[in-house]
Structure formats: C-alpha cells, structure tokens
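1. what shape does this take:
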Amino acid sequence: MAISALSAAAFILLAGASPTSTLDVGVDKLRSAKGLVRICLTRDPDNFPDCVDDAGAVTRSIPASAPHTVFEGLAPGGYAIAIIHDENANAKLDTFAGIPREGIGFSRNPKFTFGPPRFSAARFTLDGDAERQQVRMRYFL
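-> You can find the predicted model right below:
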C-alpha cells in the first residue's frame, strides 16, 4: 500500500514538472583576458539590454580569461542575452560621451550602430533542448 502511494505521488510530481532547457553561452573576440564578462539573460523586452528592474533576469559574471558558461533549468520560450566585457571589473559599462569604452555583445550577433539593438533582433527561442549562443564582442573605443 505504501509503495502504491509513493508511486502515485511521484507520478503526479513528474506529470506536473515543466520541461527545461540548457543554454550554452560562449564569447568570442574579447580584446583581452582582463576583468569580467557580465552576462544578462532576459525574457523581458522592456528591460533589455540593462536587466536593471527585471526580477526574472538571470545574470552571471565570469572571468574574461574563461569566457564560457552554461545556464541550466530554463523554461522554454524567447530570450535575449546582453554581455559587457567589464575589463576593469568596476561592475558597470564605462563610456565616453555615451560611447562604450568596454566591449558589448548580444545574442544572435545583430548589427547595430547607435544604441543597442532591439530585443527582437537579439531574441532566440529555447524549446526544451540544449541551445548554444556564440556572442561576438564589439569595441568602439
């Protein structure tokens, strides 16, 4: 009787579990191995690329000398990534006259000139399987 109850409880828990995805993120074209690579993964177009007021954003800081990370347990859906190469590790994007002095990059590597790309240009979809995003950094100064 106890085994049947445990089996039933396990089935109910598994049936209610939602599928999750794994996202592998690599960063290319860093101009140095100094500092940190700061990654923001978001589903919210209104908080892209800053992720400042995004309670659902997943952020991570990794050494620029090892620019690769894996996000696990993500719900399927649309996401976008914004990355900063924080070379001096001061926890912010340094600018001069509004132009980034440190590297920036976005998922899907969209073209952009004045200001960051829109969420829709960087958006990709996780569908329950492993996904990979290889982000190229860009430097303006």
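
2. just the pLDDT at residue 130, thanks.
-> You'll see residue 130 listed with a pLDDT of 77.

3. now it: closest residue in space, sequence neighbours ignored.
-> Excluding the flanking residues, the one nearest residue 130 by CB to CB, 6 or more residues apart in numbering is residue 22, at 4.7 Å. The C-beta positions use only the backbone N, C-alpha and C, and glycine is treated the same way.

4. my guess is the one you found contacts residue 132. True?
-> No - Residue 22 lies out of contact with residue 132 (CB atoms under 8 Å); the separation is 9.4 Å.

5. compare those two (neighbour count), which wins?
-> A count of neighbours by other CB atoms under 10 Å puts residue 22 above the other of residue 22 and residue 132, at 15 against 11.

6. distance of the more buried one from residue 30?
-> Computed with CB to CB, to the nearest Å, the distance linking residue 22 and residue 30 is 23 Å.

7. where exactly do the strands run in the protein?
-> Using DSSP state E, the strands found in the chain span residues 21-28, 36-42, 58-63, 68-74, 77-86, 95-96, 99-100, 103-106, 124-126, 131-136.

8. now these as TSV including distance to residue 115?
-> Shown next, in TSV, are these (distance: least, CB to CB, whole Å):
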stretch	distance to residue 115
strand 21-28	21
strand 36-42	16
strand 58-63	21
strand 68-74	26
strand 77-86	12
strand 95-96	12
strand 99-100	11
strand 103-106	11
strand 124-126	20
strand 131-136	18
